[in-house]
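>>> got a predicted structure here, sequence first:
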Amino acid sequence: MVLFAILIALLFYLFKVILNDDPAGGGSSGPLFGWGGGSSADEGQGGSSGGAPSEGIELQDPGYPSYYDPALEARYEAFAAARGDLTEDEVYWMVGCDLDKDPYTDTQPVPDPESYLMLVNKHYYLPEDFYPSDMVTVGATQMREEAAGNLNDMIDAAAVEGLKLWAQSGFRSYGLQVDLYNKYAASDGSEAADTYSARAGYSEHQTGLTVDLNTITDAFGDTAEGQWVKEHAHEYGFIIRYTEENTDVTLYKYEPWHIRYIGIEAATRMHDEGIASFEEYWVKYVK
């Protein structure tokens, strides 16, 4: 009888382990490439784990962020090895928007060109014939209607404080971008041109959601108007798309005059959470 009771207890214990009711069962595993150094981000929050690649160290929290994709595990590993300066979270979202690939190689079409939250960069392109359906005139250029309305509101708000903003360059067609890029490449070479001009189809200006303000010079960032835009643009749904902090992600030089409309909710979240690039926001909250 004693032996039978021991056997029953053992079977019950094994049953609990299988169902993960017992801590000895181990629960879910950590990251497939065994990083350590802290917890993974909670779903939707995208917090950094702070851990560099380190073999054999388990995460304290084995949960994955919502934007982790097990199908990308091999690419995560390769990118982490190539970029040992990145945190686990940075590897997840950077690979999630193809930043582990060379620019203009193995690119993808923008899934929804009419979305205010579309990502257009050196990895995601718009079709040659794309033209926004709701374009209106703003200043000396054109933008999509909602973006134009919010830009006008921002210009009016700045004027109340004695500051002058104006729309210099908004929508550009595919054909116009061909001409602009070719001109810059002929003048400075394609390598240099790629740091400040997009190739046709890969330009945010074709979205109708982007505008260059005022003088279109780096000096704009140091003016009272430039500082005001940096502080208040999110209140009107705009972000400074190419900041000094995100050049390694956007692969464009600092452009304090280039702002992109993504909507007030998204722009405010980026501002409040300190998200430096739209690429990061797109992977964590849109894709």
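In hand now; what should we look at?
>>> confidence-wise, which helix or strand of this protein is lowest on average?
helix 2-18 (a mean of 46; mean pLDDT, DSSP states H and E).
>>> how about the strands in the stretch 1-150 of the chain?
Using DSSP state E, counting those that start in this stretch, the strands of the stretch 1-150 of the chain run over 108-109, 124-125, 135-138, 141-144.
>>> Tyr124 - how many residues pack around it?
19 (other Cβ atoms under 10 Å). To be clear about C-beta, it is placed using only N, CA and C from the backbone, and glycine gets the same treatment.
>>> after the longest strand along the chain, which helix or strand is next?
Scanning the chain for the longest strand, with DSSP state E as the assignment, gives strand 255-261. For strand 255-261, the following helix or strand on the C-terminal side (DSSP states H and E) is helix 264-273.
>>> so how far is that next one off the chain centroid?
12 Å (Cα atoms, centre = their mean, to the nearest Å).
>>> do the same with stretch 80-96
Remark: stretch 80-96 is offset 14 Å from the chain centroid, using Cα atoms, centre = their mean.
>>> buried set for it?
80, 83, 86-96 (16 or more other Cβ atoms under 10 Å).
>>> cool, stretch 217-227 as well?
220-221, 223, 225-226.
>>> report the backbone C-alpha coordinates of that stretch in PDB.
The C-alpha trace of stretch 217-227 is given here as PDB (Å, rounded to 0.1, in the frame of the first residue of the first chain):
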ATOM      1  CA  THR A 217      18.700  74.800 -43.700                       C
ATOM      2  CA  ASP A 218      20.300  73.300 -40.600                       C
ATOM      3  CA  ALA A 219      20.300  76.800 -39.000                       C
ATOM      4  CA  PHE A 220      16.500  76.600 -38.800                       C
ATOM      5  CA  GLY A 221      16.900  74.200 -35.800                       C
ATOM      6  CA  ASP A 222      18.600  76.900 -33.800                       C
ATOM      7  CA  THR A 223      16.100  79.700 -34.500                       C
ATOM      8  CA  ALA A 224      13.200  80.500 -32.200                       C
ATOM      9  CA  GLU A 225      10.800  79.000 -34.800                       C
ATOM     10  CA  GLY A 226      12.900  75.800 -35.000                       C
ATOM     11  CA  GLN A 227      13.000  75.400 -31.200                       C
END
